[in-house]
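S.K.: Return atomic coordinates for the entry below.
(2 chains, ligands or ions: 2)
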Amino acid sequence: MGEILVRDVSKVWGIDTPEEVLTLDRVNLTVRPGEFLVIIGPSGCGKSTLLNMMAGLDTPTSGLVLHNGQTVVGPSPERSMIFQQPSLLPWQSLIDNVAFGLTLKGMGRRERYQRAQEFLSQVGLQGFARKYPHQLSGGMQQRASIARALCLGTDILLMDEPFAALDVQTRFKMQEFLLDIWKGSGKTVVFVTHHIDEAIFLADRVVILTSRPGRILDTVDIDMSRPRDVASSSFDHHRSLFIDHLRSEVTKAFEQQELVEMFDTSIK
Amino acid sequence: MKTQIPLAAIDQPDLHSQAKRRRKNSRVKTLKHYGEKLGWLVASLTTFVLIWESLAFFNLIDTAILPPPHQFLGEVTNQEQFFDRQLGATRVGGNFVALTAISATLKRVFAGIFFGFIAAFSCGLFASYFRLFGKLTLPTITLLAPISATAWIPLAILLFGVGDSPAIFIVFIGIFFSLTLATVDCIKNVDQLYINTGLVLGASRWQIMRFIVVPAIIPSLFVVLRINFFAAWASVLAAEMVGVNTGLGAMVMVARQMFNVKLMFLGMTLIGLVGYTIDVCFAQVQNRVLWWKAATKI
Ligand SMILES: Nc1ncnc2c1ncn2[C@@H]1O[C@H](COP(=O)(O)OP(=O)(O)OP(=O)(O)O)[C@@H](O)[C@H]1O
Ligand SMILES: [Mg+2]
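M.R.: Ligands and ions are numbered 1, 2, ... in the order given. Below is the predicted model:
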């Protein structure tokens, strides 16, 4: 079972330089085993930074991240990550990409291809094993990334705005598809987005971050049954709550941005 | 973990016949493209040769210094004289037939490129992976890189005497420094996203290098190699002229010393043709190696 604890985590970028920024400020978060947790917040508030620290790709300036009680000190194949940008290796065929984690483990070719093929079919790409990433659409690439993350059979999936670059219909399909995979699998998902409907549609629980420096503004349980109807009144209720929360934060983020820009031009 | 596939409706590989037709069309198009290119090459050469020939025909140029193409190209059939050990024998030995000259030059260029590439690639990887080694070697390499390969010829001849080794050394030197620096630079510029991908999937340092860094930099290195090939080609010819005494460069030089202008031009033509052919081959290989780069337009 995958449990992640974030304890008093702060992150300062460019420490001891004139561009020092406090990005995350004493964040406390418990990701419960098997839950679908969504982190939402305005652009630049440190969502990716937080997720990267959970993955072990970054280290907190202060505070601790614990995975099943053990301090996270570096990346581990125990925690799969799906990145914001398309990250399939362009020089590998799709099946090699999906099987890459198994290759790294030293699994034999036959066995790993068989496994990878299974996961490719699970994401609806069975006919594309020999294709290369540039021959696929963005949605197909993102599905393949998910297959790659699933292929290792980890308990924890960290997803950084995986569907942000997709069109509305594909995005909707992908959300349903992700829930299908997650449902009953016992996996813990931490999903970052800045899309309110996406958050409400997917989450067991939503954590709202403030604009920079990112703090936890609120944690909201979404206790609607699945599949959720985006047109229902309870969906609307949650939506207006989030809009209220986020509107003020986004405004703040913009003001900060303008201040920074004014500052920049005065230097030049 | 069985799930149905809700996405079957989108992204299906249907319309097979259409795709096939399109592929065929594109093949025809490439053929057409190459045909057109070849056509213009022939046309351009013909124009050039015709002008030269007619200038010679009407006695407008001195054919003793600028013999028209049909005369010096005819020398290829006239191989007897190349065997004549009396002609410049002290300098060139018997190694003077056009084909022998070509193969001698090619052997040196490719040996030099081969060793140079391997050495530079390993050195670059080493310098990137072992900080201390990098810090100790890279500044010196950076300083040595601008010394043109030609400037190393005297030293090469002093070190290795006459024969293949000084020429190979020259090509090696011409490639080694810049390619080492390029390797280090390319490694620095490998997209962090790909490295992170490897890391979260559990790759060790060594696996990151083998599965991510090396495949990511090979295409760019190939471009650098292709650019440096011309410098290496030029410097090996220069080396052959001054002291190595065999190969295409020597052929041209000895021809001048014997006042055999036709032979000189024949040598020059061969240098051009061989160099061009190699570059075309390089371009072909590059397309193979670079396919994914071209496709993703990085
Ligand atoms: N490597 C870095 N060096 C310096 N500053 C960084 C670095 N990475 C992120 N930052 C800063 O940290 C802040 C948060 O970045 P982060 O990418 O975590 O935001 P985000 O919430 O994921 O935004 P988005 O929704 O746009 O992806 C930004 O202000 C950014 O400038
Ligand atoms: Mg982000």
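S.K.: Secondary structure element for the closest residue to A:T154 other than its chain neighbours, which one?
M.R.: Counting by C-beta to C-beta, 6 or more residues apart in numbering or on different chains, A:S80 is the residue found nearest to A:T154 once chain neighbours are left out, at 4.7 Å. In this view, the C-beta of every residue, glycine as well, is placed from N, C-alpha and C. Here A:S80 is covered by strand A:79-82, with elements defined by DSSP states H and E.
S.K.: Now do that strand: which elements does it pack against?
M.R.: Here strand A:79-82 touches helix A:47-55, helix A:138-151, strand A:156-160, helix B:192-200, going by 3 or more C-beta pairs under 8 Å, 6 or more residues apart in numbering or on different chains; DSSP states H and E.
S.K.: neighbouring contacts of the second one?
M.R.: This means helix A:138-151. Contact with helix A:138-151 is made by A:80-83, A:86-88, A:94, A:97-102, A:115-116, A:119-120, A:122-125, A:128, A:133, A:136, A:157, A:162-163, A:165-166, A:170, A:173-174, A:177-178, A:181, B:7, B:10-11, B:201, as judged by C-beta atoms under 8 Å, 6 or more residues apart in numbering or on different chains.
S.K.: Can you pull the residues of the stretch 1-150 of chain A lying near ligand 1?
M.R.: Within the stretch 1-150 of chain A, the positions near ligand 1 by C-beta under 6 Å from any ligand atom are A:13-14, A:21, A:23, A:41, A:43-49, A:84.
S.K.: Quick one: buried ones out of those?
M.R.: Applying 16 or more other C-beta atoms under 10 Å in any protein chain shown to these, the neighbour count classes A:23, A:41, A:44-49, A:84 as buried.
S.K.: mean confidence for the strand holding A:S80?
M.R.: For strand A:79-82, mean pLDDT rounds to 92.
S.K.: How far away from the center of its chain is that strand?
M.R.: 8 Å (C-alpha atoms, centre = their mean, to the nearest Å).
S.K.: And for stretch B:242-249?
M.R.: Offset of stretch B:242-249 from its chain centre (C-alpha atoms, centre = their mean): 19 Å.
S.K.: Next SSE downstream of the longest helix seen in chain B?
M.R.: Scanning chain B for the longest helix, with DSSP state H as the assignment, gives helix B:16-57. Next helix or strand after helix B:16-57 toward the C-terminus (DSSP H and E): helix B:69-74.
S.K.: quick one: that next one to chain centroid distance?
M.R.: Distance, stretch centre to chain centre, for helix B:69-74: 27 Å (C-alpha atoms, centre = their mean).
S.K.: can you list the residues that contact stretch B:234-243?
M.R.: B:105, B:108-109, B:112, B:148-150, B:152-153, B:156-157, B:162, B:166-167, B:170-171, B:174, B:246-250, B:252-253, B:271.
S.K.: So which of the residues you listed belong to helices?
M.R.: The helices, defined by DSSP H, take in B:105, B:108-109, B:112, B:153, B:156-157, B:166-167, B:170-171, B:174, B:248-250, B:252-253, B:271 from those.
S.K.: Just the buried subset of the residues you listed, written out for PyMOL, thanks.
M.R.: Buried members of the ones in helices among the contacts of stretch B:234-243, defined by 16+ other C-beta under 10 Å, are picked up in PyMOL with:
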select buried, chain B and resi 105+108+109+112+153+156+157+166+167+170+171+174+248+249+250+252+253+271
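S.K.: and the residue of the stretch 51-200 of chain A nearest chain B?
M.R.: A:P77 (3.2 Å; C-beta to the nearest C-beta).
S.K.: Can you give me the separation between that residue and A:T17?
M.R.: 34 Å (C-beta to C-beta, to the nearest Å).
S.K.: neighbour-wise, which of those two wins?
M.R.: A:P77 (17 against 8; other C-beta atoms under 10 Å in any protein chain shown).
S.K.: List the contacts of the more buried one.
M.R.: Contacts of A:P77 by C-beta under 8 Å, 6+ apart are A:101, A:104-105, A:152, A:154, B:200-202.
S.K.: ok, and it, which helix or strand is that part of?
M.R.: Going by DSSP H and E, A:P77 is not in any helix or strand.
S.K.: Give me the pLDDT for the nearest residue to it once chain neighbours are set aside.
M.R.: Residue nearest to A:P77 in three dimensions, not counting chain neighbours: B:G202, with 3.2 Å by C-beta to C-beta, 6+ apart. What the model reports as pLDDT for B:G202 is 91.
S.K.: Next, count neighbours for B:G202.
M.R.: Other residues close to B:G202 by other C-beta under 10 Å number 19.
S.K.: Then it would be within a strand, right?
M.R.: No: counting by DSSP: H, G, I helix; E, B strand; the rest coil, B:G202 is located in no strand; its state is coil.
S.K.: does it really touch A:F100, like I thought?
M.R.: No: counting by C-beta atoms under 8 Å, B:G202 stays clear of A:F100, with 9.7 Å between them.
S.K.: Could I get the full set of strands for chain A?
M.R.: Here chain A has its strands, by DSSP state E, at A:4-13, A:21-31, A:36-40, A:62-67, A:70-71, A:79-82, A:156-160, A:188-193, A:205-209, A:216-221.
S.K.: Reformat those strands as a markdown table; add distance to B:R27.
M.R.: As requested, the strands of chain A are exported to a markdown table (distance: least, C-beta to C-beta, whole Å):
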| stretch | distance to B:R27 |
| --- | --- |
| strand A:4-13 | 52 |
| strand A:21-31 | 53 |
| strand A:36-40 | 49 |
| strand A:62-67 | 53 |
| strand A:70-71 | 57 |
| strand A:79-82 | 38 |
| strand A:156-160 | 41 |
| strand A:188-193 | 44 |
| strand A:205-209 | 53 |
| strand A:216-221 | 58 |
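S.K.: And those: which comes nearest B:C281?
M.R.: Closest approach to B:C281 among the strands of chain A is made by strand A:79-82 (41.6 Å; C-beta to C-beta).
S.K.: Sheet partners, orientation included, of the closest one?
M.R.: When pairs are called by DSSP bridges, strand A:79-82 turns out to pair with strand A:156-160 (parallel).
S.K.: Can you tell me how far the closest residue to ligand 1 within the stretch 101-250 of chain B is from B:L138?
M.R.: For the stretch 101-250 of chain B and ligand 1, the shortest gap (C-beta to the nearest ligand atom) falls at B:Q192, measuring 9.0 Å. Plainly put, B:Q192 is 21 Å away from B:L138 if you go by C-beta to C-beta.
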